[in-house]
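> Got a predicted structure here, sequence first:
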Amino acid sequence: MENHGSRPEVLEALRAGIGVTTRYSATLGARLRYIAMPVESDGAVVGYVRLAMPLAQVERSTGVIGRFIANAAVLATLVGFVLSLVLARSIGNPLRDMALAARQIARGDFGRKIPVRGAGGGDELGQLAESFNYMAEELERSISEISERKNRMETILSAMADSVVAVDRSGRILLMNRAACSMFGISEAQARGKYVLEAIRNHDLAESLNLARAGQADSRELRLHPPGPSYLRLHTAPILDRNGISGAVAVLQDVTDLKRLEQVRTDFVSNVSHELRTPVTSIKGFVDTLLDGAMEDRETLHRFLGIISREADRLAQIISDLLELSSLESKGSEIRKSPVALRSVVDAALGVIQDKAEARNIRIDVEIEPDFPRVPGDEDLLVQVFVNLLDNAVKYTQEGGSVKVSASRDDGTTRVDVSDTGIGIAPEHLPRVFERFYRIDKARSRQLGGTGLGLSIVKHIVERHGGTVSVSSTPGKGSTFSFTLPG
Ligand code: ADP
């Protein structure tokens, strides 16, 4: 054979160590597959060996392999299809269950549990289902805890006597408790989401909440217009969360009563000073005049000493009324109650008043039967009540008028009325006549020997008995002072 050293496969083997070609053999007149490799001896290439095989044979073998692969592919597809069906069923169903359960949880229904397949939730899906159920339980617990806390807070807020208003970061109302709603005459539904000025229209409150939203706690006093409370103490503070200030809260306390008490106390101190000073000044004046020589005149001396004595009596009366009041007010002196016959109490008081009444030609009618049921009370204190009420009735009734004392019993409560046909009391004074030192006409009361303490002593004694006092009056026609006693 000719030298085959130039054949492409041999050249390739020369270059790359192995050569493979497919080409047409002119010698055999067919397409052949050639392969050539070097032959080595003692590490040196001594020649090349070349093999050839007709392609038809190769192609036959490849066909067999191809068919095998195709069959295998069809089988694999079939097996794969069946497997994926089985898997889809075993994975898809639990996943669908989970999706459904998740949607129900989102709606707040925690009742649905996902069945855990396999003992102990062995496979991943089982573990997932277990984790899912655990998550649902934890979520339910947290949500019920949160809603419990919210309910508790709402109950506390609505039971609070103080008003609470909370706003969000932008100043819109988030919450108003019941007290706040009734204080500002607005419902929470109307107020929620509105700006404070829009819903409540109180500049001080809006300004203070703005300060709090800027991080500055504030406290101030407000005045409201009737019908609500007149004086309010306002405290505002920022609401802080993880991201900083998320809004502000205002607490409003009704301090109208406190203000009134403060006022009453200030008035009391200045009244006591004034009341004590008047007779002292008068005594001092008369004594000085006497010392300046007036006492040489016996008649003047006599007259001045009479005035000084009266003023001293007044001083003593004020002091004894004050002592009486303070002993009634002190908690220690509990009153001793025993069954008291009202008629005899009134008679005892009449013994003190009768002369004064007769001097002014005023008739006193007592419409209480001697056998009127006894009431539990302190007899001496009750005599004092009637003395004060009758003394007033006589003092503030014109000559020739009349006074009536009556009593009735209803449902375990005794009610006593002392009515007169006197000068009466204008409506604006009625709520204050039981206050200490409150007198409608100071000069007249002083002239009549009043201290302004009579009615407040009556009120105290009646309240110590567990009863209440009241008054009704028509100016120019007369007044009725009433009190109740339990039992
Ligand atoms: P006073 O010592 O001045 O009588 P009170 O506390 O007893 O003080 O009464 C307070 C005021 O109430 C009196 O100053 C008087 O103006 C008025 N008042 C009390 N009782 C009567 C009455 N029966 N009729 C009219 N006014 C009365």
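Yep, it's here.
> what number of residues lie near Leu315?
If you count neighbours by other Cβ atoms under 10 Å, Leu315 ends up with 17. (C-beta placed from N, C-alpha, C; glycine too.)
> does it count as helix, strand or coil?
The three-state label given to Leu315 by DSSP: H, G, I helix; E, B strand; the rest coil is helix.
> Next to the ligand, which bits of the stretch 251-400 of the chain? Give me the list.
Asn388, Asn392, Ala393, Tyr396 (Cβ under 6 Å from any ligand atom).
> Now for this protein: which helix has the highest residue count?
The longest helix of the chain (DSSP state H) is helix 55-106.
> Quick one: mean pLDDT for the next helix or strand after it?
Counting by DSSP states H and E, the element after helix 55-106 in chain order, helix or strand, is helix 124-159. For helix 124-159, mean pLDDT is 89.
> and the next helix or strand after helix 124-159 with helix 124-159, angle?
Going down the chain from helix 124-159, the next helix or strand is strand 163-168, by DSSP H and E. Calculated by axes from the mean of the first three to the mean of the last three Cα atoms, to 10 degrees, strand 163-168 forms an angle of 140 degrees with helix 124-159.
> can you count the residues close to the residue in the stretch 201-350 of the chain positioned nearest to the ligand?
Nearest residue of the stretch 201-350 of the chain to the ligand: Asp321, at 8.3 Å (Cβ to the nearest ligand atom). Using other Cβ under 10 Å, Asp321 has 21 other residues around it.
> What is the helix or strand containing it packed up against?
Assigned by DSSP H and E, Asp321 belongs to helix 298-329. With contacts taken as 3 or more Cβ pairs under 8 Å, 6 or more residues apart in numbering; DSSP states H and E, helix 298-329 sits against helix 256-291, helix 454-464.
> Where among the ones you listed is average confidence lowest?
helix 256-291 (a mean of 88).
> so where's the stretch 201-350 of the chain shaky on pLDDT?
Scanning the stretch 201-350 of the chain for pLDDT under 70 picks out 226-228, 331-333.
> measure Gly452 to the ligand for me?
4 Å (Cβ to the nearest ligand atom, to the nearest Å).
> Secondary structure class of the closest residue to that residue other than its chain neighbours, three-state.
Closest residue to Gly452 apart from its sequence neighbours, by Cβ to Cβ, 6 or more residues apart in numbering: Phe437 at 3.9 Å. In three-state terms, and counting by three-state DSSP, Phe437 is coil.
> start the count at 31, not 1, going forward
Noted, 31 is the first residue going forward, which turns the last one into Phe467.
> one step back: what's the angle from the longest helix of the chain to helix 154-189?
20 degrees.
> tilt between the helix holding Asp351 and helix 286-321?
Using the same axes, to 10 degrees, the direction of helix 328-359 lies 160 degrees away from that of helix 286-321.
> what angle sits between helix 328-359 and helix 484-494?
20 degrees.
> and the next helix or strand after helix 328-359, how far out from the chain's middle?
Moving toward the C-terminus from helix 328-359, the next helix or strand (DSSP H and E) is strand 368-370. Its chain's C-alpha centre and that of strand 368-370 lie 47 Å apart, by Cα atoms, centre = their mean, to the nearest Å.
> Return the residues in contact with the nearest residue to Val226 once chain neighbours are set aside.
Spatially, and ignoring its direct neighbours in sequence, Val226 is nearest to Ala236 (4.3 Å; Cβ to Cβ, 6+ apart). Residues in contact with Ala236, defined by Cβ atoms under 8 Å, 6 or more residues apart in numbering, are Gly201, Tyr225, Val226, Leu227, Ile230.
> Would it be right to say that Ala236 lies in a helix?
Yes - when three-state DSSP is applied, Ala236 is found to be in a helix.
> Please report the distance of it from Leu187.
In this view, Ala236 and Leu187 are 21 Å apart by Cβ to Cβ, to the nearest Å.
> now that we have the residues of the stretch 281-430 of the chain next to the ligand, which one has the most neighbours?
Ala423 (27 neighbours).
> Could you pull up phi and psi at the nearest residue to it once chain neighbours are set aside?
The shortest distance from Ala423 to any non-neighbouring residue, by Cβ to Cβ, 6+ apart, is to Asp450 (3.9 Å). Phi and psi for Asp450, reported as degrees, to the nearest 10, are phi -130, psi 170.
> what's the answer for Glu251, then?
Backbone phi and psi, for Glu251 under degrees, to the nearest 10, turn out to be phi -110, psi 140.
> Who are the contact partners of it?
Tyr261, Leu262, Arg263, Leu264, Val285.
> Looking at the residues you listed, which are in strands?
Tyr261, Leu262, Arg263, Leu264 (DSSP state E).
> Relative to Val396, which of these is nearest.
Tyr261 (45.0 Å; Cβ to Cβ).
> Which residues are in contact with the closest one?
Applying Cβ under 8 Å, 6+ apart, the residues contacting Tyr261 are Glu251, Leu252, Arg253, Leu254, Asp284, Val285, Thr286, Leu288, Lys289.
> Dig out what it forms beta bridges with.
Arg253 (DSSP bridges).
> returning to what we had before: burial check on the residue nearest to Ala423, number of neighbours?
Asp450, neighbours per other Cβ under 10 Å, totals 27.
> quick one: pLDDT of it?
Note on Asp450: pLDDT of 96.
> That one contacts Ser509, correct?
Yes - in this structure Asp450 lies within contact range of Ser509 using Cβ atoms under 8 Å: 5.9 Å.
> Give me the common contacts of the two.
Ala423, Tyr426.
> Dump the C-alpha coordinates for the helix or strand harbouring Ala66 into CSV.
Using DSSP H and E, Ala66 sits in strand 60-71. In CSV, the C-alpha atoms belonging to strand 60-71 read as follows (Å, rounded to 0.1, in the frame of the first residue of the first chain):
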residue,chain,number,x,y,z
ALA,A,60,-17.8,3.9,0.9
ARG,A,61,-18.0,6.4,3.7
LEU,A,62,-15.7,5.2,6.5
ARG,A,63,-14.8,6.3,10.0
TYR,A,64,-11.0,6.4,10.6
ILE,A,65,-9.0,6.5,13.8
ALA,A,66,-5.2,6.9,14.0
MET,A,67,-2.9,6.6,17.1
PRO,A,68,0.9,6.7,17.5
VAL,A,69,2.7,3.4,18.4
GLU,A,70,5.4,3.9,20.9
SER,A,71,8.4,1.8,21.9
